[in-house]
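Trainee: sequence first, predicted coordinates after that:
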Amino acid sequence: MVKLDAMENPYSLPADVRIAIARKLENVALNRYPDADARELKERVRSAMAVPSGMDIVLGNGSDELIQMLALTLARPQAVMLGFEPSFVMFGLIADVVGMRFVGVPLQADFTVDLDATLTAIAQHEPALIFIAYPNNPSGNLFDRSVLTRILEAAPGVVVLDEAYHAFAGASFMPQLADYPNLVVMRTVSKLGLAGLRLGVLAGRRTWLEHVDKVRLPYNINVLSQIAASEVLRHGDMLGSQAAGIRSERGRLASALRSMRSVESYTSDANFILFRVADADHVFTALKQRRVLIKNLHGTHRLLAGCLRVTVGTPDENDQFLSALAAVI
Ligand SMILES: *Cc1c(COP(=O)(O)O)cnc(C)c1O
């Protein structure tokens, strides 16, 4: 299969980096518990992700675990988690699991934020926690910064900017952490090329993160992940140039989709593109029969009627996807 459904980086690590990881892992003491605070890895993360000095870091077993930890920290009867719809489905699923009430504010038809509706929902529900994916998944767009600033100023609780696609976006709220007392920023190495490692990063003020750290299980980042991630993050330039290659392929894929008459596609600041066709179920199944797997979003939300989402792959994978799409549409 050409696998373009899960926003994975299509490139493996260069041989020298894989060998360096193997050498380190060879000597790991698997009989011992890992460093519960993952201090060495946190220092690497701090410099690789430019976490401002004075801000704390909590690591998660993927950012999914950080979403769960944030929710567990703030969950109590009647507490509300607010998010946009459509956005990352884990926000709402985790709210349900921890017993928070999820309030979803619909995005507008072009997937921008409806600021008036959001401010009204904030005033009405006083959310303890707001999750904003920046860029948004599944639409791929970055929300307007001044709109997000208004939300940060209006929110009575914690606002999480989920920057899972930061490597492809060139925009971040990490430098703004000091400006907003209720802001925390979440990152992950998954979309960067290390989805199998399971490592998420939460950065923010100690006043928030010390409480999040209380619900963290002591050894949530296993020793193999700690060592391997520390090693890979020493080669941040290599991951950065892979991301740059994916961004330029995104441009090529986007213009090819724009040139197809029966396809309506959306601008993306991430490593995937959302597009709309007349019969998404048919196109999805016909692509799968041609051994190209993408994501079918038709039927998941009214704004996503007819929508499919393709992850940017290698030039060859993208060509296979484009010719299969042209054949089935
Ligand atoms: C993929 C994704 C994540 C999950 O990342 P993991 O670190 O792999 O758990 C989080 N947020 C958004 C918006 C995503 O698309």
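Mentor: Structure's in. What do you need?

Trainee: for A326, helix, strand, or coil?
Mentor: State at A326, reduced to three classes by DSSP: H, G, I helix; E, B strand; the rest coil: helix.

Trainee: next, the contact list for the residue lying closest to it once chain neighbours are set aside, please.
Mentor: In space, and not counting its chain neighbours, A326 is closest to M260: 7.0 Å by CB to CB, 6 or more residues apart in numbering. To be clear about C-beta, it is placed using only N, CA and C from the backbone, and glycine gets the same treatment. By CB atoms under 8 Å, 6 or more residues apart in numbering, M260 lies in contact with L325, A326, I329.

Trainee: looks to me like M260 is in a strand.
Mentor: No - under three-state DSSP, M260 falls outside any strand and is assigned coil.

Trainee: next one, pLDDT for it please.
Mentor: pLDDT, M260: 97.

Trainee: and the gap between it and Y134?
Mentor: The gap separating M260 from Y134 is 29 Å, by CB to CB, to the nearest Å.

Trainee: and D237, by the same measure?
Mentor: Taken as CB to CB, the span from D237 to Y134 is 24 Å.

Trainee: same thing with G193?
Mentor: Applying CB to CB to G193 and Y134 gives a distance of 20 Å.

Trainee: looking at those two, which has the bigger crowd around it?
Mentor: Of the pair G193 and Y134, Y134 is the one with more neighbours under other CB atoms under 10 Å, namely 25 against 21.

Trainee: list the contacts for the more buried one?
Mentor: The contact partners of Y134, by CB under 8 Å, 6+ apart, come to L142, F143, L148, L161, D162, E163, A169, A171, F173.

Trainee: kindly report the same for L119.
Mentor: R150, I151, A154.

Trainee: one more pass at 10 Å, please.
Mentor: V105, V147, R150, I151, E153, A154, A155 (CB atoms under 10 Å, 6 or more residues apart in numbering).

Trainee: buried subset of the residues you listed as a ChimeraX selection?
Mentor: A single ChimeraX command selects the buried members of the contacts of L119 (16 or more other CB atoms under 10 Å):
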select :105,147,150,151,155
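
Trainee: could you dump the contacts of L119 to a markdown table with distance to the ligand?
Mentor: Shown next, in a markdown table, are the contacts of L119 (distance: CB to the nearest ligand atom, whole Å):
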| residue | distance to the ligand |
| --- | --- |
| V105 | 16 |
| V147 | 18 |
| R150 | 21 |
| I151 | 17 |
| E153 | 23 |
| A154 | 22 |
| A155 | 19 |
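
Trainee: in TSV: the contacts of L119, plus distance to K3.
Mentor: Output for the contacts of L119, formatted as TSV (distance: CB to CB, whole Å):
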residue	distance to K3
V105	33
V147	35
R150	39
I151	35
E153	42
A154	41
A155	38
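
Trainee: what does this structure put close to the ligand?
Mentor: Contact residues, the chain versus the ligand (CB under 6 Å from any ligand atom): 7, 62-64, 88, 133, 137, 162, 164, 188, 190, 195, 200.

Trainee: which non-adjacent residue is nearest V277?
Mentor: Nearest non-adjacent residue to V277 (CB to CB, 6+ apart): V283, at 5.0 Å.

Trainee: between the contacts of Y134, which is closest to the ligand?
Mentor: Set against the ligand, the nearest of the contacts of Y134 by CB to the nearest ligand atom is D162 (4.7 Å).

Trainee: can you pull the contacts of the closest one?
Mentor: D162 sits next to 63, 66-67, 83, 87-88, 90-91, 131-137, 184-188, 200, 202 when contact means CB under 10 Å, 6+ apart.

Trainee: ditto for P10
Mentor: If you count contacts by CB under 10 Å, 6+ apart, P10 has them with 2-4, 193, 242, 245-246, 249, 271, 311-318.

Trainee: what's the neighbour count on T285?
Mentor: 12.

Trainee: wait, it touches N296, no?
Mentor: Yes - when contacts are counted by CB atoms under 10 Å, T285 is listed as touching N296 (8.5 Å).

Trainee: buried ones in the host helix or strand of S225?
Mentor: Secondary structure assignment for S225, by DSSP states H and E: helix 223-233. Going by neighbour count (16+ other CB under 10 Å), the buried part of helix 223-233 is V223, S225, Q226, I227, A228, A229, S230, E231, V232, L233.
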